[in-house]
Every structure is written in structure tokens, then in C-alpha cells.
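Colleague: attaching a predicted model along with its sequence, questions to come.
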Amino acid sequence: MPLPESVWQLKPWWCQPWSILLTGLGIVGVSWLVLHLWWITAGVSLVIGAWWLLFLVLMPAAWKRSQASGENS
């Protein structure tokens, strides 16, 4: 069975980069619209930024590395 070129080909629609970005932006926006407290929205933004780093940068890079090492063995 051929391996997909991207980890995103293995994920459902709700776990695609566009849905992760839109969800994060929506959460930050709702935080500001509902609370109007910059310090809570800043904290929410930091958590969302960490979530984006994990799922949009680190996880795909680790998947690509594991696929490359699997092809070499």
C-alpha cells in the first residue's frame, strides 16, 4: 500500500490545517467578544498558539521524519 504524501491525507475534515486555524481564531475571537478582557484573551491566544505549534508544525514534521526513516530501512 503506498504511503500518503502528507499526514493531512490521513486526517478527517475536522482535523485539517484550515479547520484547526479557523477554530483557534474563533476561540480567540469569542473570548474577546464575550469577555472584553485582554489578559484572558492573551492567555487564550498563548494556549491556541501552543496548540497550533503542536498540531500544525511539530506533528507533521515528526510524521515526515518517521516516514523518511521508514523508507530507508
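Modeller: Perfect, thanks for sending it. What you are looking at is a predicted structure, and each value in this text was computed from that prediction instead of being measured.
Colleague: just checking, what packs against the host helix or strand of residue 41?
Modeller: If you go by DSSP states H and E, residue 41 is part of helix 38-52. Contacts defined by 3 or more CB pairs under 8 Å, 6 or more residues apart in numbering; DSSP states H and E place helix 38-52 against helix 17-35. C-beta: built from backbone N, CA, C; applies to glycine.
Colleague: quick one: contacts of the helix it packs on?
Modeller: 8, 13, 38, 40, 41, 44, 45, 48, 51, 52, 55, 56 (CB atoms under 8 Å, 6 or more residues apart in numbering).
Colleague: tell me how many other residues surround the fourth one.
Modeller: To tie it back to what came earlier, the one meant is residue 40. Using other CB atoms under 10 Å, residue 40 is surrounded by 13 other residues.
Colleague: for residue 36, give its distance to residue 26.
Modeller: Distance of residue 36 to residue 26, given as CB to CB, to the nearest Å: 17 Å.
Colleague: how would you label residue 4: helix, strand or coil?
Modeller: Going by DSSP: H, G, I helix; E, B strand; the rest coil, the secondary structure assigned to residue 4 is coil.
Colleague: where are the low-confidence patches of the chain?
Modeller: 1, 71-73 (pLDDT under 70).
Colleague: please redo it, this time with the cut-off set to 80
Modeller: 1-3, 70-73 (pLDDT under 80).
Colleague: against residue 66, how distant is residue 3?
Modeller: Residue 3 is 10 Å from residue 66, by CB to CB.
Colleague: correction: residue 49
Modeller: Distance from residue 49 to residue 66, by CB to CB: 25 Å.
Colleague: just residue 26 next, same as before
Modeller: 31 Å.
Colleague: what of residue 23?
Modeller: Look at residue 23 and residue 66: by CB to CB, they are 26 Å apart.
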